[in-house]
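**Q** take this sequence and fold it.
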Amino acid sequence: MGATRAALGLDEDDRALDEAVRARDESARGLDEDARALDEGGARVRELGFSRGRRVRLLFTGVPPALDRITKLTVSNLRCLESVEIELGPLNVGIGGNGSGKSSVVEACWLLRRSVAEGFVSELYSEHVGAVGLFRRGARSVSLGVRCEGDAGHPLDYELEIRDMGSGGLAVSRERVSLHNGKGPSPFRVLDRDANVARVFDTKTGKSDQFEVAPNTTVIAGFRGRPHEQPAFPRLVNALTSIEVHLPLSTVPRWASRLLRAEPSMRDSVLLQPAGRLGFGAENLANCYFALRNDKSEQHWQTTMDYVRLGLGADIESVNTRVDPAGGRVALSLKRFGVEVQESAFALSEGMLTYLAYVALLRLEAPTSLLVLDELETHLHPRLINRLVAFLDTISERTTVLAFTHSDRLLDALPDPARSVLLLELTESHATQVRRPNEEALKTWLDVYAGLGDARAAGHQKSVFGAGL
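**A** Numbering: from 1, shown residues only. The predicted structure follows:
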């Protein structure tokens, strides 16, 4: 990791502090992993140090299901994504001009996440404007797909097609689940659905069951949470529901939010409730820090505060969550050393709130099959962008990360741009194509420029990127 830190352009003092934080982080992680272990007899209570004068105790009642990584994404006929297939490594950073398809890829990931929900097709009208808003011009259907890989079993492919049935009506027209078990030249078809008829292979009987399914829902949504003799289904449901999507974080100043009649944001107090992950739009940021302070070990919390100080300054004493006097709600605030009055969230800058959200994303360690971030550099000072890349590098050790950016500074900070960067461009037919850098060409330019971003800014993008995926 030393080379990575150097690539991030951190000065010597900052790197030393960074390594100290990481050492404490590893120690805290070891304590938490030990706490998550189970006795042979089943559940147990594990003590995890002190928090605000009380001993933290967590009850574990079972082993969570193994979670796959999503390693491939396929999209067809979703606006400019005529036919796109992206092989995903641990860390993937997409770039491209406006209208090149980046936001459409993000939306495709969100649609895959929601495909497990009952009434999924109804959401395509209420939130995505139906066929008019989703379909490529002239297309009658949209296809989405993923590959899931991990310790849970053999690689698993999921394919979903939504068709325009005429007069604006949409329906699920095809759905397939295939298992790459290595027992034949082709993957084994676990689920094969055409229109309203589905065939599902039952591992207990060794036969396929055929049944009818409603056109406005997916087969896997119908099996969600229900027992079935097909182990591929819970794996797939687990992977799809664990896709986490974040758009540019909304941090409109309090005075402007009232003029714009904006929805609640990170600045507002929220209803106190559990927070296992950063919510959409980071609206639960206060709950996230409440959970980090009260549900984790004291050592874990101190490491979290070290990460906060690395980005926001050594004078930050604590990130606090103050309870609303009316009860039931909490609000975020910052406490500085030697300053009695705390800074409320509505007085913090956009960059500070965004950085706090990324620290929460890193430290909550929520189980995620794919983490998707759009325009992740929004509001951040260039120095914090370097810190953000270090966060993404760490997160990619446990899950697949797919981020989109316009920042050349962020590209310069990537430890391995040849394996990480994806260029999205439009062809003459207004269809998105995706390309990786040509590794040899990039290596040549990196001898001259500070990074891929620097070379791109100098006008060498065309010579850096080689053949398409």
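**Q** quick one, what contacts the residue positioned nearest the centre of the chain?
**A** Centroid-nearest residue in the chain, with Cα atoms, centre = their mean: residue 371, separated by 1.6 Å. Contacts for residue 371 (Cβ atoms under 8 Å, 6 or more residues apart in numbering) come out as 244, 246, 361, 395, 399, 400, 401, 402. C-beta: built from backbone N, CA, C; applies to glycine.
**Q** which ones among those map onto strands?
**A** Using DSSP state E, the subset of the contacts of residue 371 located in strands is 244, 246, 400, 401, 402.
**Q** show the contacting residues for the second one.
**A** It refers to residue 246. 278, 280, 281, 282, 361, 371, 372, 373, 374, 376.
**Q** pull the most distant pair out of the ones in strands among the contacts of residue 371.
**A** 246 and 400 (14.3 Å; Cβ to Cβ).
**Q** double-check that residue 424 belongs to a helix.
**A** No. Residue 424: not assigned to a helix; according to DSSP: H, G, I helix; E, B strand; the rest coil it is strand.
**Q** beta partners of it?
**A** Going by DSSP bridges, residue 424 is paired in beta bridges with residue 434.
**Q** that one is in contact with residue 102, isn't it?
**A** Yes. Residue 424 lies in contact with residue 102 (Cβ atoms under 8 Å); the separation is 5.7 Å.
**Q** give me the common contacts of the two.
**A** Common neighbours of residue 424 and residue 102 are listed as 94, 96 (criterion: Cβ under 8 Å, 6+ apart).
**Q** what count of nearby residues applies to residue 173?
**A** 20 (other Cβ atoms under 10 Å).
**Q** quick one: residue 355 from residue 464, how far?
**A** Per Cβ to Cβ, to the nearest Å, residue 355 is found 30 Å from residue 464.
**Q** ok, back up a step: from residue 69, how far out is the residue nearest to the centre of the chain?
**A** From residue 371 to residue 69 the distance is 10 Å (Cβ to Cβ).
**Q** what sits in contact with each of those two?
**A** By Cβ under 8 Å, 6+ apart, the residues touching both residue 371 and residue 69 are 399, 400.
**Q** ok, which stretches of the stretch 351-469 of the chain are strands?
**A** 370-374, 400-404, 421-426, 432-437, 465-468 (DSSP state E, counting those that start in this stretch).
**Q** output the contacting helices and strands for the second one.
**A** Other helices and strands packing on strand 400-404, by 3 or more Cβ pairs under 8 Å, 6 or more residues apart in numbering; DSSP states H and E, are strand 69-78, strand 91-95, helix 102-114, strand 370-374, helix 382-395.
**Q** if we use 7 Å, what do you get?
**A** strand 69-78, strand 91-95, strand 370-374, helix 382-395 (3 or more Cβ pairs under 7 Å, 6 or more residues apart in numbering; DSSP states H and E).
**Q** contacts for the last one?
**A** What that stands for is helix 382-395. By Cβ atoms under 7 Å, 6 or more residues apart in numbering, the residues outside helix 382-395 that reach it are 4, 8-10, 91, 310-311, 351, 355, 358, 362, 371, 376-377, 380, 401, 403, 407, 409-410, 413-415.
**Q** pLDDT on it, on average?
**A** Averaged across helix 382-395, the pLDDT comes to 94.
**Q** which residues in the stretch 301-450 of the chain form helices?
**A** Here the stretch 301-450 of the chain has its helices, by DSSP state H, counting those that start in this stretch, at 350-364, 382-395, 408-413, 417-420, 439-446.
**Q** go through those helices and name the closest to residue 95.
**A** helix 408-413 (7.0 Å).
**Q** quick check, distance from that closest one to the centre of its chain.
**A** 20 Å (Cα atoms, centre = their mean, to the nearest Å).
**Q** next: stretch 125-139.
**A** For stretch 125-139, the distance to the chain centre is 24 Å (Cα atoms, centre = their mean).
**Q** likewise for stretch 365-382?
**A** Distance, centroid of stretch 365-382 to centroid of chain: 7 Å (Cα atoms, centre = their mean).
**Q** check stretch 139-152 too.
**A** 16 Å.
**Q** circling back: export the helices and strands packed on strand 400-404 to CSV and tack on distance to residue 238?
**A** Formatted as CSV, those follow (distance: least, Cβ to Cβ, whole Å):
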stretch, distance to residue 238
strand 69-78, 11
strand 91-95, 21
strand 370-374, 12
helix 382-395, 19
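**Q** name the element residue 300 belongs to?
**A** Per DSSP states H and E: residue 300 is located in helix 298-312.
**Q** what is that helix packed up against?
**A** Using 3+ Cβ pairs under 7 Å, 6+ apart: helix 298-312 touches helix 12-36, strand 44-51, helix 285-294, strand 316-323, helix 350-364, helix 382-395.
**Q** worst mean pLDDT among these?
**A** Looking at the helices and strands packed on helix 298-312, the weakest mean confidence is strand 44-51, a mean of 30.
**Q** bridging residues for the residue nearest to the centre of the chain?
**A** Under the criterion used (DSSP bridges), residue 371 bridges to residue 244, residue 401.
**Q** so where's the stretch 201-350 of the chain uncertain?
**A** For the stretch 201-350 of the chain, the stretches with pLDDT under 70 are 224-229, 250-265, 326.
**Q** repeat that with 50
**A** 260 (pLDDT under 50).
**Q** buried residues of stretch 368-382, list them for me.
**A** Going by neighbour count (16 or more other Cβ atoms under 10 Å), the buried part of stretch 368-382 is 368-380.
**Q** so where's the longest strand in the chain?
**A** strand 153-166.
**Q** give the buried residues for that one.
**A** 153, 154, 155, 156, 157, 158, 159, 160, 161, 162, 163, 164.
**Q** which residues does the second one contact?
**A** The neighbours of residue 154, taking Cβ under 7 Å, 6+ apart as the test, are 179, 180, 181.
**Q** tell me the one among these nearest to residue 208.
**A** Among the contacts of residue 154, and counting by Cβ to Cβ, the member closest to residue 208 is residue 179, at 13.5 Å.
**Q** and that closest one, bridged to which residues?
**A** Where residue 179 sits in a bridge, its partners, by DSSP bridges, are residue 156, residue 188.
**Q** test my guess that it contacts residue 156.
**A** Yes. With contact defined as Cβ atoms under 7 Å, residue 179 reaches residue 156; the gap is 5.8 Å.
**Q** shared neighbours, the two?
**A** Joint contacts of residue 179 and residue 156 (Cβ under 7 Å, 6+ apart) are residue 232.
**Q** okay, the strands of the stretch 351-469 of the chain in JSON lines with distance to residue 291 and mean pLDDT next?
**A** Formatted as JSON lines, the strands of the stretch 351-469 of the chain follow (distance: least, Cβ to Cβ, whole Å; pLDDT from 0 to 100):
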{"stretch": "strand 370-374", "distance to residue 291": "18", "mean pLDDT": "97"}
{"stretch": "strand 400-404", "distance to residue 291": "22", "mean pLDDT": "98"}
{"stretch": "strand 421-426", "distance to residue 291": "33", "mean pLDDT": "96"}
{"stretch": "strand 432-437", "distance to residue 291": "37", "mean pLDDT": "96"}
{"stretch": "strand 465-468", "distance to residue 291": "42", "mean pLDDT": "63"}
